[in-house]
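Trainee: requesting a structural model of the entry that follows:
(one chain, ligands or ions: 1)
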Amino acid sequence: MATFNFELSTLPPEAEALRDEVRTFLKQEMAQYRPADRARSWGGFNRDFSRRMGERGWIGMTWPKKYGGHERTALERYVVLEETLAAGAPVSAHWVADRQSGPLLLRFGTEEQRQRFLPRIARGELAFAIGMSEPDSGSDLASVRTRAEKVAGGYKVNGTKIWTSNAHLSEYAIALFRTKVVPDKKHEGLSQFLVDLKSPGISIRPIIDLAGGHHFNEVHFQDCLVPDDMLVGKDGEGWKQVTTELGFERSGPERYLSSLQLVIELIREVARPLLELVARARAGSLDAGGWKSLRMLSLELVDRLGSHARMEEDALVPVVEEILDDDTDLEIWTAHMN
Ligand SMILES: Cc1cc2nc3c(=O)[nH]c(=O)nc-3n(C[C@H](O)[C@H](O)[C@H](O)COP(=O)(O)OP(=O)(O)OC[C@H]3O[C@@H](n4cnc5c(N)ncnc54)[C@H](O)[C@@H]3O)c2cc1C
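Mentor: As a prediction, this is how the structure comes out:
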């Protein structure tokens, strides 16, 4: 059963050609998944699934072949993201590494780091976590206090990261630490590191969410030695690098598509015979309108990131206005609910 209509705007033929292939794969992979599993969407963590995605060349799709990538376009990759999210596939074991850790290493990593990590990520063998937030540094990321002090052979790290999704399941994190305290200039003196999460001096404590789930963690560093060759980019350039990384993180379709399976199940539950037509039309109106606009924004960003064009907010305004003026494609969306 198709669950979402993706013919709302035109992607290049090579990108669209992938769609059937991905759907066929997912239909087989997801046959045994219950709605509750599908609704976990990108929260679902399954190493074997990630390896099979890697075997098909659907991780590291845009990366150079010499690093295990497949040199495909950003929009081809987008189709794979859309289809896996819409199906509620368990992508979490490769998602962060594919989306941002790998691209960060491609951009700022050493040649040795690229050769060591990227092929394994592309094969779906390495899971990465994101070590940015701290107990007193959330939205104000530049105020991070976890200290990485230069010592012989590397950096000695002390401090705490929080909300670290999947740290307990991942091999590595890319973390932002303070290597130098520059008074009144909090954006300076920050650096990024590849952290082996099994290193001595690291303890990972679960944070259980309100639904009883465990994907958040607190990660404590106590005199943890991170070797010199795990510094990513330049010492002190962490702020520029981490904002680039956030660009990779925030441009994809997961922000709106990851709830799709949950919404579909909700509608199935509430839209029983008597209210069916009204409820469907209402839900369709909200979702087709909202998702369509978000998708166009997301596609625009990915296309621009893919072509390394500079993002100019003004350029997006006419695109958004055009979408909002357009009739929402209620009929098509609700047809896929059957
Ligand atoms: C599902 C999920 C997964 C996450 N995974 C990770 C992860 O893997 N790694 C990681 O590092 N982080 C992760 N985070 C953390 C996240 O990215 C943010 O850093 C964090 O949620 C925000 O920090 P905080 O909770 O301290 O909120 P605060 O920064 O304290 O913000 C609280 C509220 O105040 C508002 N606010 C803050 N500053 C201002 C201001 N100056 N003006 C007006 N309003 C303001 C905010 O908008 C917010 O509503 C995750 C978060 C979520 C929800």
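Trainee: okay, residue 159: pLDDT?
Mentor: In this model, residue 159 is scored at 98, pLDDT.
Trainee: same question, the one 4 residues further on
Mentor: Residue 163 is assigned a predicted lDDT (pLDDT) of 97.
Trainee: which residues touch it?
Mentor: Counting by CB atoms under 8 Å, 6 or more residues apart in numbering, residue 163 touches 133, 138, 207, 216, 217. C-betas here are computed from N, CA, C, even on glycine.
Trainee: residue 14: neighbour count?
Mentor: For residue 14, the neighbour count with other CB atoms under 10 Å is 12.
Trainee: cool, and residue 138?
Mentor: Residue 138 is flanked by 12 other residues according to other CB under 10 Å.
Trainee: with the one 5 residues further on instead?
Mentor: A total of 13 residues lie near residue 143 under the criterion other CB under 10 Å.
Trainee: any idea how far the ligand is from it?
Mentor: Residue 143 is 10 Å from the ligand, where distance means CB to the nearest ligand atom, to the nearest Å.
Trainee: about what we covered before: only the buried subset of the contacts of residue 163, as a PyMOL command please.
Mentor: The PyMOL command for the buried members of the contacts of residue 163 (criterion: 16 or more other CB atoms under 10 Å) is given here:
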select buried, resi 133+216+217
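Trainee: among the contacts of residue 163, which lie within strands?
Mentor: 207, 216, 217 (DSSP state E).
Trainee: my guess is the second one contacts residue 165, does it?
Mentor: In this case it means residue 216. Yes - assessed by CB atoms under 8 Å, residue 216 is found in contact with residue 165 at 6.3 Å.
Trainee: nearest to residue 21 among the contacts of residue 163?
Mentor: Of all these, residue 216 has the smallest distance to residue 21: 34.5 Å, by CB to CB.
Trainee: do you know the pLDDT at the closest one?
Mentor: So residue 216 comes in at 97 (pLDDT).
Trainee: tell me the contacts of it?
Mentor: Residue 216 touches 162, 163, 164, 165, 206, 207, 208, 209, counting by CB under 8 Å, 6+ apart.
Trainee: ok, now which ones touch the residue of the stretch 1-150 of the chain found nearest the ligand?
Mentor: Across the stretch 1-150 of the chain, the shortest distance to the ligand (CB to the nearest ligand atom) belongs to residue 138, at 1.7 Å. Contacts of residue 138 were listed using CB under 8 Å, 6+ apart, and they are residue 163.
Trainee: do the same with the one 10 residues further on
Mentor: If a contact means CB under 8 Å, 6+ apart, then residue 148 has 155, 156, 157, 177, 178, 179, 191, 193, 226 as its contacts.
Trainee: please tabulate these in CSV, including the columns neighbour count.
Mentor: Conversion of the contacts of residue 148 to CSV gives the following (neighbours: other CB atoms under 10 Å):
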residue, neighbour count
155, 21
156, 18
157, 24
177, 26
178, 22
179, 20
191, 25
193, 25
226, 25
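Trainee: closest to the ligand out of these?
Mentor: Using CB to the nearest ligand atom, these come closest to the ligand at residue 177, 12.3 Å.
Trainee: top of the contacts of residue 216 by neighbour count?
Mentor: residue 164 (24 neighbours).
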